[in-house]
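Novice: The following block contains a protein sequence and its predicted model.
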Amino acid sequence: MHVTRLKPALLALCVLLGAASAAAKQPHVLGDKLSFKLPDLQGELISSSDESFEGKVILVTLWGPWCPPCISEIPTFNRLQLRYVDQGLVVVAIAFDRGPAAESWKKTLRMFVKKHGIIYLILDGGSTESFSKTLPMIDEVHGLPVEILIDRSGRVVDCRNGYGYKGSWEKKLEGRIKKLLQEAP
């Protein structure tokens, strides 16, 4: 068996191309603003342009209560909301139902939120089937959860798949949030 060794420059190129390919498959927001107008669990329409979001660092998660990695985010997001709310962090979860949104969806969602002690804002995104209509500015979403970090000026600074939570990612996310919170609104 003959094995050919790659020259360092060729190896570096292969690594870069592989990284670029992987990055191309990550979700991203077209432009640099996330826009939404969705009902909360009480039916009140909440818009990304509401003054309650002005000058805040916003962590948005796109998730479903049927999704194990999405559920694993809940304790982290509760901790972050509690720890940094006074400094200007707002955590927003946009929930999606697996199929066509049924009449019982909101009731099921409210029960889930209560059972899991979620303290951050939950918005109803409808069904996964209508995802691209609900959030047309988000591209390359191949599964949930998706995490979007928005700075105080309303600009999206990060968008990634969140395939469940590990301590190392939680620390990175918290570091990013702390840095953004230190920036002037």
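Specialist: That came through, no problem. Numbers count the residues shown, from 1 in each chain.

Novice: Any idea what residue 92 is bridged to?
Specialist: residue 60, residue 121 (DSSP bridges).

Novice: could you measure it against residue 124, distance?
Specialist: Per Cβ to Cβ, to the nearest Å, residue 92 is found 12 Å from residue 124. In short, each C-beta sits where N, CA and C put it, glycine included.

Novice: And the two? Which one has more around it.
Specialist: residue 92 (25 against 19; other Cβ atoms under 10 Å).

Novice: middle-most residue in this protein, spatially?
Specialist: residue 147 (1.8 Å; Cα atoms, centre = their mean).

Novice: Identify the residue nearest that residue in space, chain neighbours excluded?
Specialist: residue 162 (4.5 Å; Cβ to Cβ, 6 or more residues apart in numbering).

Novice: ok, how many other residues are close to that neighbour?
Specialist: Around residue 162 there are 22 residues (other Cβ under 10 Å).

Novice: List the residues that contact it.
Specialist: 61, 69-70, 73, 145-147, 169 (Cβ atoms under 8 Å, 6 or more residues apart in numbering).

Novice: ok, now residue 108?
Specialist: By Cβ under 8 Å, 6+ apart, the neighbours of residue 108 are residue 65.

Novice: what helix or strand is it on?
Specialist: helix 105-116 (DSSP states H and E).

Novice: Averaged pLDDT, that helix. What do you get?
Specialist: For helix 105-116, mean pLDDT is 93.

Novice: and it, which residues are buried?
Specialist: 105-106, 109, 112-113 (16 or more other Cβ atoms under 10 Å).

Novice: Need the max-distance pair from those.
Specialist: 105 and 113 (12.5 Å; Cβ to Cβ).

Novice: rewinding a little: can you pull up the bridge partners for the residue nearest to the centre of the chain?
Specialist: residue 61, residue 160.

Novice: ok, it - contacts?
Specialist: Neighbours of residue 147 in contact, by Cβ under 8 Å, 6+ apart: 59-62, 73, 158-162, 173.

Novice: Weed out the non-buried ones from those.
Specialist: Judged by 16+ other Cβ under 10 Å, buried ones among the contacts of residue 147: 59-62, 73, 158-159, 161-162, 173.

Novice: could those be laid out in a markdown table, adding distance to residue 25?
Specialist: Converted to a markdown table, those look like this (distance: Cβ to Cβ, whole Å):
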| residue | distance to residue 25 |
| --- | --- |
| 59 | 22 |
| 60 | 20 |
| 61 | 19 |
| 62 | 16 |
| 73 | 20 |
| 158 | 16 |
| 159 | 12 |
| 161 | 9 |
| 162 | 15 |
| 173 | 20 |
